[in-house]
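Sequence plus predicted model, see below.
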Amino acid sequence: MMILLSSLYLAPVEYYAALFHAERAFVEVNENYRKQSYRNRCMIAGANGPLPLSVPVEKPEKGKSRMKDIRIAEHGEWRHLHWNAIVSAYNSTPFFQYFEEDFRPFYEKKFIFLHDFNEQLRQLICKSLDMETPVDYTPEFIGEPDYNTIDLRESIDPKKPSGTDMPAYYQVFAEKLGFIPNLSIIDLLFNLGNETRLYLIKNFSIDNSPWSRE
């Protein structure tokens, strides 16, 4: 199975489930940037419920701008705010301290382009999960993918319910909030550690997923 994805900020679990089970993936970098999407937003589990974190971006000079050209805006101390929120949410999880020094530099270094920030985080996460699915970037916008490619660019979206049946796993605030499915992959990683890979293997498959062909 080949899949076509967008470049997302700390993408949700279903994104990595699809990526994990794909034979190959393409990340679309030539699509028009879309606001209020996971391209610059992720969702973590805060003490009071799901907490969105949004990376501020510069307003394109033109009406539309390609994803690979979107620049991160330097205002509001967002890096400090994001990292503090992540620490507050996950400091008491079993594996946060194990991964802390891998993720911290992303909130200390300035990235110019959103795509570069997203993709370097994705590469770190894939490395942490020993995920070896080959990933390439589209040389031009793909309007109509061929039949062998499953287009997930618009399927994984904060305004749409997840199409996957996601079994509960340990979450720090579950006793208070109940299980919250399909949060950012870091929620799964910090709570389960090395068992994240097993969770993706056991609970998702190409034959029983919204990304498979009928």
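Nice, I can see it. Model, not experiment: these values are computed from the prediction. Numbers count the residues shown, from 1 in each chain.

Every contact and neighbour count from this point should use C-alpha atoms.
Noted.

Correct me if wrong, but residue 160 is in a strand.
No: under DSSP: H, G, I helix; E, B strand; the rest coil, residue 160 sits outside any strand and is assigned coil.

Over to it: give its phi and psi.
Here is the backbone geometry of residue 160 (degrees, to the nearest 10): phi -120, psi 140.

tell me the contacts of residue 40?
The contact partners of residue 40, by CA atoms under 8 Å, 6 or more residues apart in numbering, come to 8, 9, 54, 55, 56, 57, 114.

Closest to residue 72 out of these?
residue 57 (4.3 Å; CA to CA).

so that closest one makes contact with residue 72?
Yes: between residue 57 and residue 72 there is a contact under CA atoms under 8 Å: 4.3 Å.

anything in contact with each of the two?
residue 114.

so residue 145, which of the three states?
Residue 145 falls in the coil class when you classify it by three-state DSSP.

Just give the number of residues close to it.
Neighbourhood size, residue 145 [other CA atoms under 10 Å]: 12.

Surely it touches residue 151?
Yes: using CA under 8 Å, residue 145 is in contact with residue 151, at 6.9 Å.

after the helix ranked longest in the chain, next one along is what?
If you go by DSSP state H, the chain has its longest helix at helix 114-128. The element immediately downstream of helix 114-128 (helix or strand, assigned by DSSP states H and E) is strand 135-137.

Strand partners (parallel or antiparallel) of that next one?
Under the criterion DSSP bridges, strand 135-137 sits next to strand 24-28 (parallel) in its sheet.

got the contact list for the strand it pairs with?
Strand 24-28 is contacted from outside by 1-7, 19, 133-138, 141-142, 153, using CA under 8 Å, 6+ apart.
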